[in-house]
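Engineer: sequence and predicted structure, then a few things I'm wondering about:
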Amino acid sequence: MTPHHFIDRRLNPKGKSLANRQRFLRRARAQIKDAVQKSLKDRRVADAGKEQSISIDGKSTREPRFSHASSGGERDYVVPGNTDFVPGDEIRKPRGGQGGGGKQASQSGEGEDEFRFTLSQDELLDIFFEDLELPNLVKTQLNEIRTFLFRRAGLTTAGSPTNLNLLRTMRNSYGRRLALKRPHSDDIAALKERLFALEAIAAPSAEERAEIEALHKELETLETRRKWIPFIDPIDVRYNAFQPTPVATSQAVMFCLMDVSGSMGEREKDLAKRFFMLLHLFLRRRYEKVDIVFIRHTHEAQEVDEETFFYSRQSGGTIVSTALEEMLRIWTERYATQDWNVYVAQASDGYTQSGDAAHCVDLLSSRIMPLCQYYAYIEILDEREMEVFADEETGAELWRAYRHVHRNWPNFATKRIARPQDIFPVFHELFAKDGAERG
């Protein structure tokens, strides 16, 4: 008997449904997103968007499906080779439970290993920013529009007359005429000259009359061949081709300002680093080129590299305005053109020298905010201070001064964070879609 094979081509095969699959994908994506967020701490700001390996619970990779429960329900079935039971006997239910994964053995059930895989850069950044977009800015609204410059890209057989490549066209024509042996104009002219000389004879001989007849036939053949093999054929014509090439006109500079005085400990610096990472990744998704400038300050400010910015143990007093002045100096020297979009992210614990807050407000209002695309100020507090300063209008001198700037400039945002889990919600709120109101 010939065996029959059945192929299940249903959209929802047995034991699986489209709705269950969608729920599974959403659940796995949530776990992936959590794993990505946990990996931020040990990564450099500029490298935070590179591909990385993450692990999620192996249980979440299984697609839900219906099956008979081994620990419930009543079922009648026959076990081959049964010698211990008769109809009516009650069979004890098997022990349930599942063991844990990893090296530790399980006493009952089956274990589950973690599911490990690598996310590409695009997948990683899509997970980061799937719910975000840049706010409506003052100078430029970024909508992924690119500027193109047309560059030479070889030759083509179609185009406008202004792009005709005459040299290549004539070269193709000459090669085709040689290959097809098109009669040359000089050869035809020589035959006509000989024919004219013979026809000028008053009483030609029989040989001359035969030559005249032969010349007429040869000229007719050559003229016909010349008509069938034109001097320039459409297949000879070549045009200069121009290909649109994207030009990196969208470029941004990101100024990272951080207070490194004695009141900013490792916890505060770690929280600031995580926020700077998110902002840098976000800008990389919207701009062709992003420069990062790290400025740290105590009672004086200086531009440093990333390693020094986050891990140097230098300490001192606190004068925030020095960082703003240093930022203006660097902007004037390197970025004072319309080609650069300026972003500023400042992290501080909110303390500065008495009277310095007023100077900061003056610098921001008169010089920095008019040239800035977006300014995000993050104040890092401990959990007790977060409870004390629950009202956004209360706080240290610098916070109150910056709230005044916020009321006058819609592209100036102020937020407070106390724990790592506060960073991403704050980032969502700062860059929420549809121009959601920011604090």
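Structural biologist: Nice, thanks for sending it over.
Engineer: per-domain residue ranges of the chain.
Structural biologist: Following automatic domain parsing, the chain resolves into domains at 161-241, 250-435.
Engineer: partner strands of the helix or strand hosting residue 148, parallel or antiparallel?
Structural biologist: Assigned by DSSP states H and E, residue 148 falls within strand 147-156. Partners of strand 147-156 in the sheet, by DSSP bridges, are strand 239-247 (antiparallel).
Engineer: now the strand it pairs with: mean pLDDT?
Structural biologist: Mean pLDDT, strand 239-247: 83.
Engineer: do the same with stretch 390-407
Structural biologist: Averaging pLDDT along stretch 390-407 gives 85.
Engineer: so for it, what gets flagged as buried?
Structural biologist: Buried positions in stretch 390-407, judged by neighbour count with 16 or more other Cβ atoms under 10 Å: 395, 396, 397, 398, 399, 401, 402, 403, 405, 406. For the C-beta atoms, the positions are set from N, CA and C on the backbone; glycine is no exception.
Engineer: helices of the stretch 151-300 of the chain, start to end?
Structural biologist: Using DSSP state H, counting those that start in this stretch, the helices of the stretch 151-300 of the chain run over residues 166-180, 185-199, 206-228, 266-286.
Engineer: comparing the ones you listed, which yields the minimum mean pLDDT?
Structural biologist: Lowest mean pLDDT of the helices of the stretch 151-300 of the chain: helix 266-286, a mean of 76.
Engineer: give the contact list for residue 395.
Structural biologist: 350, 379, 389, 403, 416 (Cβ atoms under 8 Å, 6 or more residues apart in numbering).
Engineer: tell me which residues in the host helix or strand of the last one are buried?
Structural biologist: This points to residue 416. Using DSSP H and E, residue 416 sits in strand 412-417. Using 16+ other Cβ under 10 Å as the test for burial, strand 412-417 gives 412, 413, 414, 415, 416, 417.
Engineer: elements contacting it?
Structural biologist: Applying 3 or more Cβ pairs under 8 Å, 6 or more residues apart in numbering; DSSP states H and E, one finds that strand 412-417 contacts strand 372-380, helix 397-408, helix 420-430.
Engineer: could you point out which of the ones you listed sits nearest residue 180?
Structural biologist: Smallest distance to residue 180 across these (Cβ to Cβ): 64.7 Å, for strand 372-380.
Engineer: residue 419 touches residue 382, doesn't it?
Structural biologist: No - counting by Cβ atoms under 8 Å, residue 419 does not reach residue 382; the two are 9.4 Å apart.
Engineer: re earlier: same list, the buried residues of stretch 390-407, but as a markdown table with distance to residue 231 please.
Structural biologist: Below are those laid out as a markdown table (distance: Cβ to Cβ, whole Å):
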| residue | distance to residue 231 |
| --- | --- |
| 395 | 86 |
| 396 | 87 |
| 397 | 87 |
| 398 | 82 |
| 399 | 83 |
| 401 | 82 |
| 402 | 78 |
| 403 | 81 |
| 405 | 76 |
| 406 | 76 |
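Engineer: hang on, residue 337 in a helix?
Structural biologist: No - according to DSSP: H, G, I helix; E, B strand; the rest coil, residue 337 belongs to no helix; its state is coil.
Engineer: what is the neighbour count of it?
Structural biologist: Neighbourhood size, residue 337 [other Cβ atoms under 10 Å]: 7.
Engineer: same check, this time on residue 276
Structural biologist: By other Cβ under 10 Å, 25 other residues sit near residue 276.
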